[in-house]
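K.L.:
only the shape, not the letters, is given here:
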């Protein structure tokens, strides 16, 4: 499976490196070529830097790890290549101070992306875990797997994302239709507040307990 | 500590019974006296049914387990007794079909209650766990404690609620100021969707993993 990382910041770099280590073919792209090259070099395991059009064409899963506000502009020139593509929305529509979401309970960042790019299949996933956890490449905290929630309307796209989550070693949890990104985006805000404001630090995660 | 349960439905009955078993003094009230009497009888351990004014006067913590839409009407006649009282908002502002919140990311049910009743101290808590878990009186699933998140602006009120959570045996997690009810209410929607739509059942809960 070819994984494309669009946006090679903290989250994208870490997730891409982990996927590369798990023997996925990983490509990075970024607004500045040097960032993508550095991310690919840091990842090793055959990861490479490509331009955005190349990344979209050759990737089975495209992870959107850009800030939410930059996604539409980044994808707009690539629209003709997006038909049927699986876009994994890792972003959160978050205010500058990281304390609020900019989009309400009647929609979500992921739904907005899906409505803007209906030719693609959008999956919300990986958005409520700190980049530091991805960088650690350890899916387990205090002896227990972190649950990574994914939501989408397309069953095949969900299956691919579930496989990726499981291959990284996490506990994949089907969180229903893309509409439920409305609940996964607030979960990320809770995570951020706990980690960065309330002193839990960035090595935290949620586990869905069940019997 | 005296615990008052306002609204003796599924959640209130179960939480009150558990608290009574943990040797708190528990009082139930309900719109219909018979419901409160039945809840108190089912709880045992000295739990009693009282009228709403009596409950507010004698309780250290008042758990609002009514439907969100009924809380303002239930509290309005009691305003003069609410000064300094700790109201634990267990409710969620949820649509009839249980699929959406009725209040957006710029506010929350708990903040609305706090703004309507500024004389009281509002704590959001206990809202993202199924009544069936409370009824089971088992705070542990698959060997691990369920995290119960609480958010409030008043430190002393938070302390009391934290004690209650801990005494029931749960893992109490300080989720910050009352504003963060905006993230705890969506967490409940995720819980409901996982349990009732996606087949996980009602014996589930979230754990905050940390080291």
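P.N.:
Right, received. Where do you want to start? What you see is a predicted model; the values in this text were computed from it and never measured.
K.L.:
residue A:176 and residue B:196 touch, don't they?
P.N.:
No: if you go by Cβ atoms under 8 Å, residue A:176 and residue B:196 don't touch, sitting 10.6 Å apart. Quick note: C-beta positions are derived from backbone N, CA and C, even for glycine.
K.L.:
what about those two, which has more around it?
P.N.:
residue A:176 (22 against 13; other Cβ atoms under 10 Å in any protein chain shown).
K.L.:
just the pLDDT at that one, thanks.
P.N.:
Turning to residue A:176, the model gives it a pLDDT of 95.
K.L.:
same deal with residue A:112?
P.N.:
86.
K.L.:
for the residue nearest the centre of chain A, what are its contacts?
P.N.:
For chain A, the residue nearest the mean C-alpha position is residue A:90 (2.8 Å; Cα atoms, centre = their mean). Contact analysis of residue A:90 by Cβ atoms under 8 Å, 6 or more residues apart in numbering or on different chains lists A:11-12, A:15, A:63-65, A:125-127.
K.L.:
which of the residues you listed lies closest to chain B?
P.N.:
residue A:127 (12.6 Å; Cβ to the nearest Cβ).
K.L.:
for the closest one, what are its contacts?
P.N.:
Residue A:127 sits in contact with A:89-92, A:184-185, A:187-188, where contact means Cβ under 8 Å, 6+ apart.
K.L.:
can you tell me which of the residues you listed lies closest to chain B?
P.N.:
Distances from chain B to the contacts of residue A:127, taken by Cβ to the nearest Cβ, are shortest for residue A:187, at 6.3 Å.
K.L.:
which strands and helices sit next to the helix or strand that contains that closest one?
P.N.:
Using DSSP states H and E, residue A:187 sits in helix A:181-192. Other helices and strands packing on helix A:181-192, by 3 or more Cβ pairs under 8 Å, 6 or more residues apart in numbering or on different chains; DSSP states H and E, are helix A:109-116, strand A:121-125, strand A:147-152, strand A:204-210, helix B:181-192.
K.L.:
give me that answer again for 7 Å
P.N.:
helix A:109-116, strand A:147-152, helix B:181-192 (3 or more Cβ pairs under 7 Å, 6 or more residues apart in numbering or on different chains; DSSP states H and E).
K.L.:
and that helix, how far out from the chain's middle?
P.N.:
13 Å (Cα atoms, centre = their mean, to the nearest Å).
K.L.:
sec struct for the closest residue to residue A:65 other than its chain neighbours, please.
P.N.:
Leaving out its chain neighbours, the residue that sits closest to residue A:65 by Cβ to Cβ, 6 or more residues apart in numbering or on different chains is residue A:12, at 3.3 Å. Of the three states, residue A:12 takes helix under DSSP: H, G, I helix; E, B strand; the rest coil.
K.L.:
measure the residue nearest to residue A:69 when sequence neighbours are not counted to residue A:127 for me?
P.N.:
Leaving aside its sequence neighbours, residue A:69 sits nearest to residue A:93 (Cβ to Cβ, 6+ apart; 7.7 Å). Per Cβ to Cβ, to the nearest Å, residue A:93 is found 10 Å from residue A:127.
K.L.:
repeat that for residue A:35.
P.N.:
21 Å.
K.L.:
how about residue A:200?
P.N.:
Going from residue A:200 to residue A:127 by Cβ to Cβ gives 18 Å.
K.L.:
with residue A:154 instead?
P.N.:
Counting by Cβ to Cβ - residue A:154 and residue A:127 are separated by 18 Å.
K.L.:
what do you get for residue A:24?
P.N.:
Residue A:24 is 19 Å from residue A:127, by Cβ to Cβ.
K.L.:
got it, and residue A:54?
P.N.:
From residue A:54 to residue A:127 the distance is 25 Å (Cβ to Cβ).
K.L.:
and for residue A:203?
P.N.:
Counting by Cβ to Cβ, the gap from residue A:203 to residue A:127 is 17 Å.
K.L.:
thinking again about what came up before, dump the contacts of residue A:90 to JSON lines, plus pLDDT.
P.N.:
Output for the contacts of residue A:90, formatted as JSON lines (pLDDT from 0 to 100):
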{"residue": "A:11", "pLDDT": "85"}
{"residue": "A:12", "pLDDT": "92"}
{"residue": "A:15", "pLDDT": "91"}
{"residue": "A:63", "pLDDT": "90"}
{"residue": "A:64", "pLDDT": "90"}
{"residue": "A:65", "pLDDT": "92"}
{"residue": "A:125", "pLDDT": "86"}
{"residue": "A:126", "pLDDT": "87"}
{"residue": "A:127", "pLDDT": "87"}
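K.L.:
I'd like those laid out as CSV, including distance to residue B:167.
P.N.:
Shown next, in CSV, are the contacts of residue A:90 (distance: Cβ to Cβ, whole Å):
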residue, distance to residue B:167
A:11, 39
A:12, 44
A:15, 40
A:63, 43
A:64, 44
A:65, 42
A:125, 37
A:126, 36
A:127, 34
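K.L.:
my guess is residue A:185 meets residue A:108, correct?
P.N.:
Yes: using Cβ atoms under 7 Å, residue A:185 is in contact with residue A:108, at 5.4 Å.
K.L.:
which stretches of chain A form helices?
P.N.:
With DSSP state H as the criterion, chain A has helices at A:10-21, A:33-43, A:52-58, A:68-75, A:109-116, A:131-136, A:155-167, A:181-192.
K.L.:
quick one: buried ones out of the contacts of residue A:90?
P.N.:
A:11-12, A:15, A:63-65, A:125-127 (16 or more other Cβ atoms under 10 Å in any protein chain shown).
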